[in-house]
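S.K.: can you look at this prediction? I've put the sequence above it.
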Amino acid sequence: MKLLEINKVWEGKYLKNYELVYENRAGHEKRYEIVSHHEIREISELGDRVSGVSIVAIHEGKMLLLREFRMGVDRFVYNLCAGMKEEEETLEECISRELYEETGLSLKQIYKILNPAFAAVSICDIKNQIAFVEAEGEINDSYMSENEWIQAAFYTKEEVAHLLQTEQFSTRAQIASWFFSIGGLDNL
């Protein structure tokens, strides 16, 4: 497999659509579409930047989950607090800002930030990082944009286990929630 060229097809406000031209294992040309948050001028730039963060927040033995309306699937899903990193922002500043903007909570402590990982490798080059943190304060939705509908709450292990059986989740929230529900995050 050899990537021969990358061409921008379309540019929106947040996403850019690219066509990749590959030579496959049999030596034939194959075209493939992806999206990116970033401007990609050269093949070497594909997948080389972190876009944002997903936050696994714990407070007093409970896990923060957001029940939010997602336009891409036209329904409410359970998700982690997350967002895009701004241009000159550190990852720690992004974590603090996103936690506050989406919930009104403050960042008390960062336990661990995982290395960058691809969000959806079959359709994009978007990389993000997962942060395990302790949050503090009171949940307040007055900072929410009019374009978002987010209901933030802290849940016990038993409540999370029940939600996993009855509700729809994003993949990253589902994985983190399952580990939380079986005690996998108890050592934070």
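M.R.: It's in. Keep in mind the model is a prediction, meaning the values are calculated, not measured.
S.K.: list of residues touching stretch 63-83?
M.R.: 52-58, 94, 97-99, 101-103, 105, 128, 135, 148-155, 157, 160, 163, 167-170, 172-174, 176-177, 180, 185 (CB atoms under 8 Å, 6 or more residues apart in numbering). C-beta coordinates here come from the backbone N, C-alpha and C atoms, glycine included.
S.K.: over to stretch 157-164?
M.R.: 63, 65, 78, 155, 169, 174, 177-178, 180-183.
S.K.: now that stretch, how far from the chain's geometric center?
M.R.: 21 Å (CA atoms, centre = their mean, to the nearest Å).
S.K.: stretch 127-141 now?
M.R.: 12 Å.
S.K.: contact partners for the most centrally placed residue in the chain?
M.R.: In the chain, the C-alpha nearest the mean C-alpha coordinate belongs to Ser54, at 4.4 Å (CA atoms, centre = their mean). By CB under 8 Å, 6+ apart, Ser54 lies in contact with 80-82, 128-131, 172.
S.K.: ok, back up a step: got a quick ChimeraX command for the buried subset of the contacts of stretch 63-83?
M.R.: In ChimeraX, this line selects whichever of the contacts of stretch 63-83 come out buried by 16 or more other CB atoms under 10 Å:
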select :52,53,54,55,56,57,58,94,97,98,99,101,102,103,105,128,135,150,152,154,155,157,160,163,169,170,172,173,174,176,177,180,185
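S.K.: which of the contacts of stretch 63-83 fall within strands?
M.R.: 52-58, 128, 135, 150-155 (DSSP state E).
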